[in-house]
Structures are given as structure tokens and as C-alpha cells.
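[1] coords please:
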Amino acid sequence: MNIPEEIETQRMRMRFLNLGDVNDVCRQFSDPDMTRYFSDPPCDVDEAKEIIEHYLNPRGKDYLRYGMFDKESNVFIGTCGYHYWDQEKKQVEIGYDVWKEFWRKGYMTEALPVLFNLCFINLQVNCIYIITHQQNKASIATVRKFGFKECEPCREINEKDQICLRLIKAAWMQE
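    Model prediction:
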């Protein structure tokens, strides 16, 4: 399986997270606006380092997280990636977050097709899903643009008020 370390889109450079990103990740996951719909509480610098260390060297693992950076300024925009890759069921969960200064500017609309193709082609899954808080209207609207539909949870979830939406490979590839 070939997972690229770096991917470019029209406005962004997406690359594996590294320990040099600890301040950006800490800011991202400690801000109350950013963590409003997260199941984990806001983090500190040590926890941000643990998050990054978890995602180091993702090849061959069931998870990956890219940092997203503006191509021109190299400013940190957010992260996106996958986790809970189930090779038997041929499904994977995706996740993403965009720093609030970049909300509603189309960054996830630009990044998600790259992530979908990586999952469908490189991981050879038939289903990509997202689990999010039912009040996270922006995230739900973003994935619905790509054909995600609400479904029964694709994995066990413990938090109430969470919903699952999925995209089937056949639907994505026909577009």
C-alpha cells in the first residue's frame, strides 16, 4: 500500500504531522470553539505531543493524520485523516478539523476528495464514514455535498448525540 507523505491541492500542502507541529495541534485541540463537538476535552502541550506521536509513521497502520498548510504562507489550517480502518469490513472512518479562521472557505471541500480517493484506492475500502455530533451542522453539510448519507453506526459509539454518515465507493466513483 502506497500512502503519500505529502499531497498538494490547489491551495494546500497536506503532509504527515511531525513534532514540529505541536504548538499548532495544541492550539487546535485546546480552543473551546474548535473542541465544541469533540468527545475528548481540550488538550495541553503534552497531550498535543502524544497526539502527534500517535500519528507518526502511519504506513501500515489503521490510522493516518495529515496536517494541512496554506501553500503560500505555510500557515497551519487543520488536520484530516482516517482511523478505525477495518480491512475485513472494507470500511474506514475519516475525521478532520479546520482552524476557525479558515471556516467556510472551502478547505475541506478541497481536501476531502483527496482523502476519499486515498481511502477508496489505496486502502481499497468500499465504505468511508464519519461519526459526528448531530449539532455539527457545518460538518454534516460538508460531507452531504459529496453524497454521504445518514446510516446506522458503522462501529460502536459510546457518546450520545452522535450520528454516522457514510459514502459508498460505487457512489463516489460514478461521479
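
[2] all strands for the protein, in order.
    Along the chain, counting by DSSP state E, strands occupy 6-8, 12-16, 64-70, 76-86, 91-98, 127-133, 149-151, 162-168.

[3] So in that sheet, which strands flank the last one, and in what orientation?
    In other words, strand 162-168. When pairing is defined by DSSP bridges, strand 162-168 lines up against strand 127-133 (antiparallel), strand 149-151 (antiparallel).

[4] ok now it, how far from the chain's centre?
    Counting by Cα atoms, centre = their mean, to the nearest Å, strand 162-168 is centred 13 Å from the centre of its parent chain.

[5] still on that earlier bit, turn the strands of the chain into JSON lines, columns for distance to residue 34.
    (Glycine included, C-beta is placed from N, CA and C.) Listed next are the strands of the chain as JSON lines, based on distance: least, Cβ to Cβ, whole Å:
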{"stretch": "strand 6-8", "distance to residue 34": "23"}
{"stretch": "strand 12-16", "distance to residue 34": "18"}
{"stretch": "strand 64-70", "distance to residue 34": "14"}
{"stretch": "strand 76-86", "distance to residue 34": "9"}
{"stretch": "strand 91-98", "distance to residue 34": "6"}
{"stretch": "strand 127-133", "distance to residue 34": "13"}
{"stretch": "strand 149-151", "distance to residue 34": "24"}
{"stretch": "strand 162-168", "distance to residue 34": "18"}
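
[6] quick one, helices of the chain?
    Along the chain, the stretches classed as helices by DSSP state H are 22-30, 45-55, 107-117, 137-144, 169-173.

[7] just to revisit the earlier point, compare the strands paired with strand 162-168 and give me the one nearest residue 95.
    Residue 95 sits nearest to strand 127-133 of all these, at 7.1 Å, using Cβ to Cβ.

[8] Could you list the residues in contact with the closest one?
    Applying Cβ atoms under 8 Å, 6 or more residues apart in numbering, the contact partners of strand 127-133 are 37, 82, 89-95, 116, 119-120, 139-140, 143, 148, 151, 153-155, 157, 159, 161-169, 172.

[9] cool, and stretch 160-174?
    Contacts of stretch 160-174 (Cβ under 8 Å, 6+ apart): 91, 116, 120, 125-135, 140, 143-144, 146-154, 157.

[10] 6 Å instead?
    116, 120, 126-131, 133-134, 143, 147-148, 150-151, 153-154 (Cβ atoms under 6 Å, 6 or more residues apart in numbering).

[11] Since that was my last question, I'll sign off now.
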